[in-house]
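Trainee: Please work out how this folds:
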Amino acid sequence: MRRRSPSPAHGPFGTETPTMRAPLIAVSLTAALMMALGQAAQANPSPGQPAPAYAGKDLDGRALDLASFKGRVLVVNFWATWCPPCRAEMPLLDAVYKRHKGEGVGLVGLSADRRRDLGDVRKVMSGFSYPASLISDAQINGYGAPSALPATYVIDGAGVVRFVFSEKTGPLTEAALERALASLIPPKTP
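Mentor: Model (predicted):
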């Protein structure tokens, strides 16, 4: 009985040859690139990194662009109506904001809720004095989807993230936020 020689598409044991590996490599590279791009879109900036861009509309439909806070200290808080720890820290965020807004401190709440939950978001935010936006409606969202909630970023006047409060770094407390702001707010001149 005569043995057939291996075909150009298969090796001696039925495995792929370089001819068959090329499409497999292309598919693998495409999948890796898509995963990398997906991770880049979900940036969670660390202290010392430039703050990502964010532009959208606030809950009343007015333009909200974090770039407009350049030159001011900005607190960006990611939250959701269905997140109990988020809801628990909102009153302290609002109290600190009210104390420091006269010193140029800004605060923006970015809700991870879906568009269909806009009514719930508005209801929650009606008790607070700072603006909020739905991240699902953003035209530009360099932050991407938060990896955990709540997450709060304190950004200096140059647009650099200086402090992060999250699941990884520990919960936000009023004292910790006050310390962070004190280190960034320029002293008052007499």
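
Trainee: per-residue pLDDT, the most centrally placed residue in the chain?
Mentor: Nearest to the centroid of the C-alpha atoms of the chain, with distances taken as Cα atoms, centre = their mean, sits residue 143, at 3.2 Å. Residue 143 carries a pLDDT score of 94 in this model.

Trainee: Any idea how many residues pack against the residue nearest to it when sequence neighbours are not counted?
Mentor: Excluding its sequence neighbours, the residue lying closest to residue 143 (Cβ to Cβ, 6 or more residues apart in numbering) is residue 52, at 4.8 Å. In short, each C-beta sits where N, CA and C put it, glycine included. When counting by other Cβ atoms under 10 Å, one arrives at 19 neighbours for residue 52.

Trainee: Report the separation between residue 52 and residue 72.
Mentor: Per Cβ to Cβ, to the nearest Å, residue 52 is found 17 Å from residue 72.

Trainee: again, but for residue 168
Mentor: Summarising the geometry, the distance separating residue 168 from residue 72, computed by Cβ to Cβ, is 26 Å.

Trainee: out of these two, which sits in the busier spot?
Mentor: Higher neighbour count among residue 168 and residue 72: residue 72, with 16 against 11, using other Cβ under 10 Å.

Trainee: quick one, what contacts the more buried one?
Mentor: Under the criterion of Cβ atoms under 8 Å, 6 or more residues apart in numbering, the neighbours of residue 72 are 104-106, 157.

Trainee: Would you mind listing which of these are buried?
Mentor: Those of the contacts of residue 72 that meet the buried threshold are 105-106, by 16 or more other Cβ atoms under 10 Å.

Trainee: For residue 149, state which of the contacts of residue 72 is nearest.
Mentor: Proximity to residue 149 was ranked across these by Cβ to Cβ; first place goes to residue 106, at 20.5 Å.

Trainee: so what's the closest one bridging to?
Mentor: Legend: beta-bridge partners of residue 106 under DSSP bridges are residue 74.
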